[in-house]
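>>> Return atomic coordinates for the entry below.
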Amino acid sequence: MIGKLGGQDPQVVVWDEFVGLWLALFLAPPGWAWMLGGFAAFRLFDIWKPWPVRWADRAVHGGFGTMLDDLLAGAYAWLALHLAEAVISRL
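Numbering: from 1, shown residues only. Take a look at the predicted model:
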């Protein structure tokens, strides 16, 4: 969003962060530890930006690009959370 807020990804608008986190926690195992783990995983992938999160952050412009990189980070976090649950449930 360019204009009144003055940037491509204005930091005062955080809907993209909420949507990415909601995706990361979608059907998360019950319990606060899982919620905290999902949040931490989402923040990790959102900051680290592995491929294709980094690609979306740099190559896709506008509101769609702003949302896409957080959706991809949320998908990575969702996968990590569910893989961790699968491993822990087998112990």
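>>> which SS class is the most centrally placed residue in the chain?
Nearest to the geometric centre of the chain sits Gly74, at 2.9 Å (Cα atoms, centre = their mean). Under DSSP: H, G, I helix; E, B strand; the rest coil, the three-state class of Gly74 is helix.
>>> Show me the strands in the protein, by range?
For the chain, no strands are identified by DSSP state E.
>>> Any stretches of it with poor pLDDT?
Within the chain, the ranges that satisfy pLDDT under 70 run 1-13.
>>> The same query, at a cut-off of 90, please.
1-16, 57, 61-66 (pLDDT under 90).
>>> picking up where we left off before, now for the residue nearest to the centre of the chain: which residues touch it?
The contact partners of Gly74, by Cβ atoms under 8 Å, 6 or more residues apart in numbering, come to 19-24, 42, 45. The way it works is simple: take the backbone N, C-alpha and C, and place the C-beta from them, glycine included.
>>> Export those residues as a markdown table, with columns for neighbour count.
Below are those laid out as a markdown table (neighbours: other Cβ atoms under 10 Å):
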| residue | neighbour count |
| --- | --- |
| Val19 | 14 |
| Gly20 | 28 |
| Leu21 | 22 |
| Trp22 | 14 |
| Leu23 | 19 |
| Ala24 | 29 |
| Phe42 | 26 |
| Phe45 | 24 |
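>>> would JSON lines of the residues you listed with distance to Met35 be doable?
Formatted as JSON lines, these follow (distance: Cβ to Cβ, whole Å):
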{"residue": "Val19", "distance to Met35": "16"}
{"residue": "Gly20", "distance to Met35": "15"}
{"residue": "Leu21", "distance to Met35": "10"}
{"residue": "Trp22", "distance to Met35": "12"}
{"residue": "Leu23", "distance to Met35": "14"}
{"residue": "Ala24", "distance to Met35": "10"}
{"residue": "Phe42", "distance to Met35": "11"}
{"residue": "Phe45", "distance to Met35": "16"}
